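A.B. asks: got a predicted structure plus its sequence, pasted below:
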Amino acid sequence: MADLSIPIETERLRLRPFTIADVDAVHAYHCLDEVARYQYWEPRSRDEVVEEVTKWADGDWDRQAADAIVFAVTLRQSGILIGDMVLLFRDRDARQGEIGFSFNPSHGGKGYATEAARAVLATGFGHFNLHRIFGRCDARNRASWRLMERLGMRREAHFREHALFKGVWDEEFYYAMLAREWTEMDKGGF
Ligand SMILES: CC(C)(COP(=O)(O)OP(=O)(O)OC[C@H]1O[C@@H](n2cnc3c(N)ncnc32)[C@H](O)[C@@H]1OP(=O)(O)O)[C@@H](O)C(=O)NCCC(=O)NCCS
């Protein structure tokens, strides 16, 4: 497999590896209740963000692909960091991947998360030859499932009260897309 070209550029965005210099920009949104609400973590302190970003800031995406790649999503024009996207490699043999995303709400509502997620799907299918990419979210997380619908992912499951999440019954949606569905969508670049 050829090395993944870094950074990944889209019309308005540049997806690049994290560096430790990104800590404050990540803390600016990971500390917010509204960003942490449907995540498996609580609003993060700066020290907790240092710990996370240190794990993400490897720089070698092909090596990280043994486990998960975390992409720093920045605006092409200004270089401002607006969010993070993760591509997790869940099953090597069956070539299953999972996406996750967190964006700074001060840059929400402009389609940036959709644009970044399309680039990550294109990389997962195109570069890493994944067979299926899925995403999970709380059914109450409308912004998250609407994003996956905008991407053309299919709702595959609605797990009802299948777990406790932050002290209440969890309602979870699974969305997914197969490689051939991605090809059929014929996005023609991103
Ligand atoms: C999930 C999340 C990334 C979605 O963010 P978002 O701002 O809704 O998504 P986008 O950046 O793609 O923007 C989409 C909105 O921009 C609008 N938009 C404007 N220009 C657009 C464009 N060029 N392309 C696509 N959408 C565009 C869309 O119509 C949509 O608006 P709407 O919600 O009023 O319909 C964000 O809510 C988030 O980070 N939440 C907190 C973390 C979280 O819960 N993560 C998921 C855990 S499962």
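C.D. replies: Everything's here; your move. Numbers count the residues shown, from 1 in each chain.

A.B. asks: for stretch 49-59, buried residues please.
C.D. replies: V49, E52, V53, W56, A57 (16 or more other C-beta atoms under 10 Å). The C-beta positions use only the backbone N, C-alpha and C, and glycine is treated the same way.

A.B. asks: so E149 touches M177, yeah?
C.D. replies: No - applying C-beta atoms under 8 Å as the test, E149 and M177 come out as separate, 11.0 Å apart.

A.B. asks: the more surrounded of these two?
C.D. replies: Between E149 and M177, M177 has the larger neighbour count (other C-beta atoms under 10 Å), namely 24 against 13.

A.B. asks: that one sits in which helix or strand?
C.D. replies: For M177, the host element (DSSP states H and E) is strand 168-178.

A.B. asks: can you list the strands that that strand pairs with?
C.D. replies: On the basis of DSSP bridges, the sheet neighbours of strand 168-178 come out as strand 132-138 (antiparallel), strand 154-165 (antiparallel).

A.B. asks: as CSV, those strands with mean neighbour count and mean pLDDT would be great.
C.D. replies: Below are the strands paired with strand 168-178 laid out as CSV (neighbours: other C-beta atoms under 10 Å; pLDDT from 0 to 100):
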stretch, mean neighbour count, mean pLDDT
strand 132-138, 21, 98
strand 154-165, 12, 96
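
A.B. asks: Serialize these to JSON lines and add fields for distance to the ligand.
C.D. replies: Shown next, in JSON lines, are these (distance: least, C-beta to the nearest ligand atom, whole Å):
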{"stretch": "strand 132-138", "distance to the ligand": "4"}
{"stretch": "strand 154-165", "distance to the ligand": "11"}
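
A.B. asks: what's the separation between the residue in the chain that the ligand sits nearest to and R118?
C.D. replies: Closest residue of the chain to the ligand, C-beta to the nearest ligand atom: G111 (2.3 Å). Per C-beta to C-beta, to the nearest Å, G111 is found 10 Å from R118.

A.B. asks: who has more neighbours out of those two?
C.D. replies: Counted by other C-beta under 10 Å, G111 and R118 do not tie: R118 has more neighbours, with 21 against 13.

A.B. asks: phi and psi next, for that one.
C.D. replies: Backbone torsions of R118, given as degrees, to the nearest 10, read phi -60, psi -40.

A.B. asks: hang on, it packs against E11?
C.D. replies: No - checked against C-beta under 8 Å, the pair R118 and E11 is beyond contact range at 10.2 Å.

A.B. asks: re the thing from before, in helices, which of the buried residues of stretch 49-59 fall?
C.D. replies: Filtering these for membership in helices, criterion DSSP state H, returns V49, E52, V53, W56.

A.B. asks: for T54, which residues are in contact?
C.D. replies: I20 (C-beta atoms under 8 Å, 6 or more residues apart in numbering).

A.B. asks: what's the burial count for E48?
C.D. replies: That count, for E48 with other C-beta under 10 Å as the rule, works out to 15.

A.B. asks: now do it against D33, distance only.
C.D. replies: 15 Å.

A.B. asks: noted, bye for now.
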